[in-house]
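K.L.:
with the input below, show me the fold.
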Amino acid sequence: MTTTTLAVLVPLLPFLGAAAGLLLGRTAPGFVRPLAVLPVLASLVLAVTVAVDQGGGQAIDSHTELTPTGSVPIELGLHIDGFAALVAVLVGVVATCVQIYSTGYLRDDSRYPSYAALVSLFTSAMLLVVYSADLMVLLVGWEIMGICSYFLVGHYWETPEARAASLKAFLVTKLGDVPFLIGLFALATDAGSFRITTVLGTVASGGLHHPTLVALLLLAGVAGKSALFPLHTWLPDAMAGPTPVSALIHAATMVAAGIYFVARLLPVFQASTAAMVVLAVMAGVTMVGSGLAALAQDDIKRVLAYSTIGQLGYMAGALAVGDRGAAVFHLLAHGAFKALLFLAAGVIIHASGTNSLAAMSRMKDLRIRVPDAFWTMTVALLALAAIPPFSGFFSKEAVLGAAEHVATGHTEQAPGAAGWIVLVTGLVTAVLTAAYATRLWLLAFRGHGAEAPDHGRQPVTMTAVLWVLALPSLAFGLAIGPLPDWFDGRDLTPVLTTSVLGTGLALVGGIVTYGAWRHTTALAARVPLGAVAAHPDADAGHVEAEAIAAHEPVFGDVAHAPDPADPGRLLLGPLHRHAAVGFHLDTVYSVLFVRPVQAGASLVRFLDREVVDTYVRGAGALPRWLGTAVRRAQTGNVQTYVSALLAGTVVLVVAALLVATGA
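P.N.:
Residues are numbered from 1 along each chain as shown. Alright, predicted model coming up:
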């Protein structure tokens, strides 16, 4: 087979697996798990083959027009450069691990067949986005991911949290997709084509008429899909879905799509200085705000959700300084260790029976109950905190190094202001990231109090994939030697200045957090463990679902009693209560958007009921009254009819005489 044929099969196989899984889910349940795992695994093998064939060299282009669509053609095509080849491998690795993990995590879930099919469809849609050479075909994958996220986040639809989270994710992302679609049409109108290479050629020749407007419209969609400020609020609530879904969304699909889109079309954004500065501001606010919020969360999954938002801010910051190589490098490294963090968190939730870090901090020996999760999560947290030699150090330093080059004027691929914004906020975020990573590790694994509940050993399908993902989390950064060919020849070697600053600040953040935890440990020893859900016979998915249904402190419910051992409270001080609720952005949006829309809907309902319905009822009443009057005149009595005829005749004669006399 040619490389093009293999590339076509990469997104096609998971799609066929999803279709077969939906069709056979009820009639042949024994085929559901093989259909969930094998197509995605085969897609991964083909993606690796395509990446090897591409080799970081000349991009692979292939396209065909199925039917005429007017002046601006829409084509089915592939455009596979080094970025696309590597991102597709990441998607395949994470999706395969998630599907294997889910066979154990949701082994007793009655809705597993539809869940597995949606995960495969989600994977197929992301691969379509990665390989597509046409913006409209890319948009198809973009929108399919939005639908899949709605259903997967709402998997536990019996709980109000899951229903609300799925609806919020759908509406917030759609809010960004509307201007995104307008921007795509404006871009294609100027270029005369939806093909990405043609669009980039138009930009290079100066043919883009309104670059700032187009770039800002596209950024709205990117902010929604990739959870950047100000459209990031849906992502922490999306933790109401099963943990493997969180791993897939945060590591390899959905949120990665927006960053990848900007990387593919970076010259469009570089054509506008204002757009690059706006992107830098979005990245800076996203990084710092999410770091503070993560430090205040009690739910282990919400900590990781805000962590994802912060790391997406780093990727957006790299793009804001014009370095898509650093952005995609961090996307790949982050995808590995963030998938590992979520899947390890699922094992911990199963072992502890709760999502609450406060409850975990009152359990001793939890790390002994889940040694696989303990060691692999430790590796992933070190990568997240950018401690060398873990992968996050190399990829994060690539971002900071690129920002430093722009800020100091060594390169002019972006405005200097954007470089300073990304550099300063990136260094501040390095402290915060290390702080909340250390806090999570201490509260989850260094607790004191009662014995952790014993739910038995986790299935090998859940623990084996942790070690698979631990390898790139540990060693991916060491592969920077052969990687530049896949990154536009970009030298990914860390810069000395930012490496020392970033690592030093990360160590400061970790040490200070450890000191704060030691200071509060004595208080924690005097607080009883409290009720922790016990599910000795349930699979991990049911443990999580029942924790949600029982309204445990899992989705940002800060009304629960505070944990005296929480160093986050000591470090944030009075800022803690604001950071715990995401700095009240949901309240602001409720005041600015939700309430006005509800008020408008109430007004429309009132006008419809009191004005339109009244008019309709009145219009129907008049003929009804006339019909009643005429019906009463139809008595069937001949004498009455003759009398009425004579009376009418007399009236007409009198009227005629009066007219004649007046004349």
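
K.L.:
contact partners of the host helix or strand of Val203?
P.N.:
If you go by DSSP states H and E, Val203 is part of helix 196-204. With C-beta atoms under 8 Å, 6 or more residues apart in numbering as the test, helix 196-204 has contacts from 61, 79, 132-135, 138, 187-188, 190-193, 208, 211, 264-265, 267-268, 271. Quick note: C-beta positions are derived from backbone N, CA and C, even for glycine.

K.L.:
and the gap between the nearest residue to Ile259 once chain neighbours are set aside and Gln598?
P.N.:
Counting by C-beta to C-beta, 6 or more residues apart in numbering, Met315 is the residue found nearest to Ile259 once chain neighbours are left out, at 4.6 Å. For Met315, the distance to Gln598 equals 35 Å [C-beta to C-beta, to the nearest Å].

K.L.:
of these two, who's got more company?
P.N.:
Shown here are Met315 and Gln598; by other C-beta atoms under 10 Å, Met315 has more neighbours (30 against 11).

K.L.:
average pLDDT for stretch 235-242?
P.N.:
Throughout stretch 235-242, pLDDT has a mean value of 91.

K.L.:
and that stretch, how far apart are its ends?
P.N.:
One end of stretch 235-242 sits 13 Å from the other (C-alpha to C-alpha, to the nearest Å).

K.L.:
can you list the buried residues in that stretch?
P.N.:
Counting neighbours by 16 or more other C-beta atoms under 10 Å, one finds that the buried residues in stretch 235-242 are 235-242.

K.L.:
what's the answer for stretch 466-483, then?
P.N.:
Those would be 466, 468-470, 472-474, 476-477, 480, 483, for stretch 466-483 by 16+ other C-beta under 10 Å.

K.L.:
stretch 8-25 too?
P.N.:
8-15, 17-22, 24-25.

K.L.:
what residues does stretch 128-145 touch?
P.N.:
By C-beta under 8 Å, 6+ apart, stretch 128-145 touches 7, 10-11, 61-63, 74-80, 84, 87-88, 91, 121-122, 124-127, 177, 181, 184, 187-188, 194-197, 199, 221, 225, 253-254, 257, 260-261.

K.L.:
try 7 Å
P.N.:
Contact with stretch 128-145 is made by 7, 10-11, 61, 63, 74-80, 84, 87-88, 91, 121-122, 125-126, 184, 188, 194-197, 253-254, 257, 260, as judged by C-beta atoms under 7 Å, 6 or more residues apart in numbering.

K.L.:
beta partners of Glu451?
P.N.:
Applying DSSP bridges to Glu451 gives these bridge partners: Lys364.

K.L.:
contact partners for Ser318?
P.N.:
Careful, residue 318 is Ala and not Ser. By C-beta under 7 Å, 6+ apart, the neighbours of Ala318 are 326-327, 330, 399, 402.

K.L.:
how close does it sit to Ala256?
P.N.:
When Ala318 is compared with Ala256 (using C-beta to C-beta), they lie 14 Å apart.

K.L.:
re the thing from before, tell me the mean pLDDT over the helix holding Val203?
P.N.:
93.

K.L.:
put the alpha carbons of that helix into CSV.
P.N.:
Below are the C-alpha coordinates for helix 196-204, written out as CSV (Å, rounded to 0.1, in the frame of the first residue of the first chain):
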residue,chain,number,x,y,z
ILE,A,196,-4.9,24.8,3.7
THR,A,197,-1.9,25.1,1.4
THR,A,198,-3.7,27.5,-0.9
VAL,A,199,-4.8,29.6,2.1
LEU,A,200,-1.2,29.8,3.3
GLY,A,201,0.0,30.8,-0.1
THR,A,202,-2.5,33.6,-0.2
VAL,A,203,-1.3,34.9,3.2
ALA,A,204,2.3,34.7,2.0
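
K.L.:
now Ser102. Nearest residue, chain neighbours left out?
P.N.:
Pro244 (4.7 Å).

K.L.:
and the one you found, how close does it get to His155?
P.N.:
10 Å.

K.L.:
these two: who's more crowded?
P.N.:
Neighbours per residue, other C-beta under 10 Å: of Pro244 and His155, the larger number sits with Pro244, 30 against 24.

K.L.:
go ahead and confirm Ala116 touches Val37.
P.N.:
No. The criterion here is C-beta atoms under 7 Å, and Ala116 misses it with Val37 at 8.5 Å.

K.L.:
what residues are shared contacts of those two?
P.N.:
Contacts common to Ala116 and Val37, judged by C-beta under 7 Å, 6+ apart, are Gln99.

K.L.:
between the two, which is the more surrounded one?
P.N.:
Neighbour count, other C-beta under 10 Å: between Ala116 and Val37, Ala116 has more, with 27 against 21.

K.L.:
give the PyMOL command for selecting the buried subset of the contacts of helix 196-204.
P.N.:
Applying 16+ other C-beta under 10 Å to those leaves a buried subset, and the PyMOL line that selects it is:
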select buried, resi 79+132+133+134+135+138+187+188+190+191+193+208+211+264+265+267+268+271
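
K.L.:
now, which of the contacts of helix 196-204 lie within strands?
P.N.:
61, 79 (DSSP state E).

K.L.:
chain center to the helix or strand containing Val597, what's the gap?
P.N.:
Assigned by DSSP H and E, Val597 belongs to helix 595-607. Helix 595-607 has its C-alpha centroid displaced from the chain centroid by 30 Å (C-alpha atoms, centre = their mean, to the nearest Å).

K.L.:
contact partners of it?
P.N.:
Against helix 595-607 from outside (C-beta under 7 Å, 6+ apart): no residues.

K.L.:
and the next helix or strand past it?
P.N.:
Immediately after helix 595-607, counting by DSSP H and E, sits helix 613-633.

K.L.:
what is the orientation angle of that following helix with helix 595-607?
P.N.:
10 degrees (axes from the mean of the first three to the mean of the last three C-alpha atoms, to 10 degrees).

K.L.:
just to revisit the earlier point, any of the contacts of stretch 128-145 buried? List them.
P.N.:
Buried among the contacts of stretch 128-145 (16+ other C-beta under 10 Å): 7, 10-11, 74-75, 77-80, 84, 87-88, 91, 121-122, 125-126, 184, 188, 194-197, 253-254, 257, 260.

K.L.:
so which of these belong to strands?
P.N.:
77-80.

K.L.:
could you dump those to JSON lines with distance to Leu295?
P.N.:
Compiled in JSON lines, those are given as follows (distance: C-beta to C-beta, whole Å):
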{"residue": "Gly77", "distance to Leu295": "45"}
{"residue": "Leu78", "distance to Leu295": "43"}
{"residue": "His79", "distance to Leu295": "41"}
{"residue": "Ile80", "distance to Leu295": "40"}
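
K.L.:
what about stretch 362-374, distance to the chain center?
P.N.:
Worked out by C-alpha atoms, centre = their mean, stretch 362-374 lies 30 Å from the chain centre.

K.L.:
in contact with Val255, which residues?
P.N.:
Neighbours of Val255 in contact, by C-beta under 7 Å, 6+ apart: 225-227, 235, 249, 308, 312.

K.L.:
ok, the residue lying closest to it once chain neighbours are set aside - contacts?
P.N.:
Excluding the flanking residues, the one nearest Val255 by C-beta to C-beta, 6+ apart is Ser226, at 4.9 Å. Shown in contact with Ser226 (C-beta under 7 Å, 6+ apart): 255, 257-259, 312.

K.L.:
nearest to Met282 among those?
P.N.:
Nearest to Met282 among the contacts of Ser226: Leu312, at 10.1 Å, using C-beta to C-beta.

K.L.:
report pLDDT for the closest one.
P.N.:
The score at Leu312 is 96. That number is its pLDDT.

K.L.:
so what's it up against?
P.N.:
Here Leu312 is in contact with 226-228, 255, 259, 286 (criterion: C-beta under 7 Å, 6+ apart).

K.L.:
closest one of those to Gly56?
P.N.:
Of the contacts of Leu312, the one sitting nearest to Gly56 (C-beta to C-beta) turns out to be Ile259, at 19.7 Å.
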